[in-house]
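Student: have a look; sequence and predicted model below, questions after that.
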Amino acid sequence: MLEPFLLERLLLPKVWGGSALQDELGIALSSGAVVSEPGRKLGEPLAIGESWELFDRPEGSSKLRGTEMTLADLLRQDSDAVVGKGVQLGHNGAFPVMLKFLDAQQGSSLQVHPDDRQARGDMGKDECSLVLAARDDARIVHGVVPGTDRDEFFAKWETSAVEPMLYSFAPKVGDFVHVPPGTPHSIGPGLVVFEVQENSDQTYRINDWGRGRRTQVAEAREVAKLVVNDRPPVQLSTSLPDGGELLIATEHFVVRRYELARRIELATSGRYLTLTVLDGGGRLQWTNGANESSLVLKKCDTVVVPACVSMVAVEPDGAIDFVACDPGTG
């Protein structure tokens, strides 16, 4: 039987990144797989913007820790055992979601994502972020302010004149923000977040704040919605009977958070489950026939519990803080 497995991460340099994934989370930026950064001078430090904790893209797929086997390999062998019968896979049979840590030390571009119907050769991109660290100047842009004229917004969104039209707020540690497809948004400066998203790379950049990267304004216009906010769009969690907090349930993913100092059992109900440790550590335990097995969980580890494993237990080593994700409600 396929058993739970830890994943290797992939680090991605970004012009808006920095060193906070190491400084705040302890993710070593000098080790592991790092994609190349065109134009970087020899010896110049990398500004890491993203750490992909779970990914299954055409350009690469998460490796099972300590092996050359990938998540894509497992899905090709038996996708039902991995994600569960009836669970919708991503584009071309890929895993349905991606999990990332982001370091937005500078502001990311103003951008927008399509939904599943609008996406071209990929899934749409529904996403959400949990704030893990925030400087005093931290900001999130999410939609527009009340009274924004649609034609004026589209006429000025490539210039600095768009800024008074954008709704932005100062996020706090623990805030959870949902960004539905079509929402003009930007993250940063001064933020470290954990992100759950559909497995998609469909990002249409509108305004890069003078950094000169390519934009996709025509595509963005087709999918953008004037999402209006007059207060911070922070999701309110719901307490669960098992001691966790339900952060969000969409058609694409369900996200829960557990901050515990006691053992907890989690059922898969025949569908995949992922656990990402935000702080602390412990052990993941399960039975395979008559045998008991376990994995050590450390800070920032991500483990996939395949659908064929009916139940796992998390035994904290003192205390543990983790996010659990499973398939959406659709």
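Tutor: Looks like it arrived, so ask away.
Student: list the contacts for the residue nearest the centre of the chain?
Tutor: The residue lying closest to the centre of the chain (CA atoms, centre = their mean) is Glu195, at 2.4 Å. Residues in contact with Glu195 (CB atoms under 8 Å, 6 or more residues apart in numbering) are 98-102, 127-130. For every residue, glycine as well, the C-beta is placed using N, CA and C.
Student: between those residues, which is closest to Arg283?
Tutor: Nearest to Arg283 among those, counting by CB to CB, is Leu99 at 20.5 Å.
Student: domains of the protein?
Tutor: What automatic domain parsing lists as the domains of the chain is 5-223, 238-327.
Student: by mean pLDDT, show me the worst of these.
Tutor: Among the domains of the chain, domain 5-223 has the lowest mean pLDDT, at a mean of 93.
Student: and that one, how far out from the chain's middle?
Tutor: 7 Å (CA atoms, centre = their mean, to the nearest Å).
Student: that one: end-to-end distance?
Tutor: 37 Å (CA to CA, to the nearest Å).
Student: before we move on, back to that, a strand runs through the residue nearest to the centre of the chain, doesn't it?
Tutor: Yes - counting by DSSP: H, G, I helix; E, B strand; the rest coil, Glu195 is found in a strand.
Student: what segments of the stretch 1-150 of the chain are helices?
Tutor: Using DSSP state H, counting those that start in this stretch, the helices of the stretch 1-150 of the chain run over 20-25, 71-83, 150-156.
Student: alpha carbons of the first one, as PDB, please.
Tutor: This means helix 20-25. What follows is helix 20-25, C-alpha atoms only, in PDB (Å, rounded to 0.1, in the frame of the first residue of the first chain):
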ATOM      1  CA  ALA A  20      12.800  36.100   5.100                       C
ATOM      2  CA  LEU A  21      12.000  32.500   4.300                       C
ATOM      3  CA  GLN A  22      15.200  31.700   6.100                       C
ATOM      4  CA  ASP A  23      15.100  34.500   8.600                       C
ATOM      5  CA  GLU A  24      11.500  33.900   9.700                       C
ATOM      6  CA  LEU A  25      10.800  30.200   8.900                       C
END
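Student: doesn't Gln216 make contact with Tyr204?
Tutor: Yes - at 4.1 Å, Tyr204 counts as touching Gln216 under the criterion of CB atoms under 8 Å.
Student: and the two? Which one has more around it.
Tutor: Tyr204 (21 against 15; other CB atoms under 10 Å).
Student: Leu284 bridge partners, please.
Tutor: Leu295, Val314 (DSSP bridges).
Student: now for it: which residues touch it?
Tutor: 4, 275, 294-295, 297, 303, 305, 312-315.
Student: put the buried members of these into a ChimeraX selection.
Tutor: Restricted to buried positions by 16 or more other CB atoms under 10 Å, the ChimeraX selection for these reads:
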select :4,275,295,297,303,305,312,314
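Student: farthest pair within the contacts of Leu284?
Tutor: Val305 and Glu315 (14.6 Å).
Student: rewinding a little: could the contacts of Glu195 go into CSV alongside distance to Gly330?
Tutor: Shown next, in CSV, are the contacts of Glu195 (distance: CB to CB, whole Å):
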residue, distance to Gly330
Met98, 17
Leu99, 19
Lys100, 22
Phe101, 26
Leu102, 25
Glu127, 15
Cys128, 15
Ser129, 21
Leu130, 22
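Student: restricted to strands, list those residues.
Tutor: 98-102, 127-130 (DSSP state E).
Student: TSV for the residues you listed, including neighbour count?
Tutor: Listed next are the ones in strands among the contacts of Glu195 as TSV, based on neighbours: other CB atoms under 10 Å:
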residue	neighbour count
Met98	25
Leu99	25
Lys100	22
Phe101	26
Leu102	24
Glu127	25
Cys128	21
Ser129	24
Leu130	22
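Student: strands of the stretch 101-250 of the chain, residue ranges please.
Tutor: 110-112, 127-134, 140-144, 166-169, 176-179, 185-187, 191-198, 204-207, 238-239, 245-249 (DSSP state E, counting those that start in this stretch).
Student: what pairs with the shortest one, and is each one parallel or antiparallel?
Tutor: By that I understand strand 238-239. By DSSP bridges, strand 238-239 pairs with strand 245-249 (antiparallel).
Student: ok, residues contacting the strand it pairs with?
Tutor: 128, 130, 176, 178, 235, 237-240, 254-258, 323, 328-329.
Student: list of residues touching the helix or strand that comes right after it?
Tutor: The helix or strand immediately downstream of strand 245-249 is strand 253-260, counting by DSSP states H and E. Residues outside strand 253-260 that contact it (CB under 8 Å, 6+ apart) are 96-97, 126, 128, 130, 176, 196, 198, 237, 240, 243-249, 264, 314, 316, 319-329.
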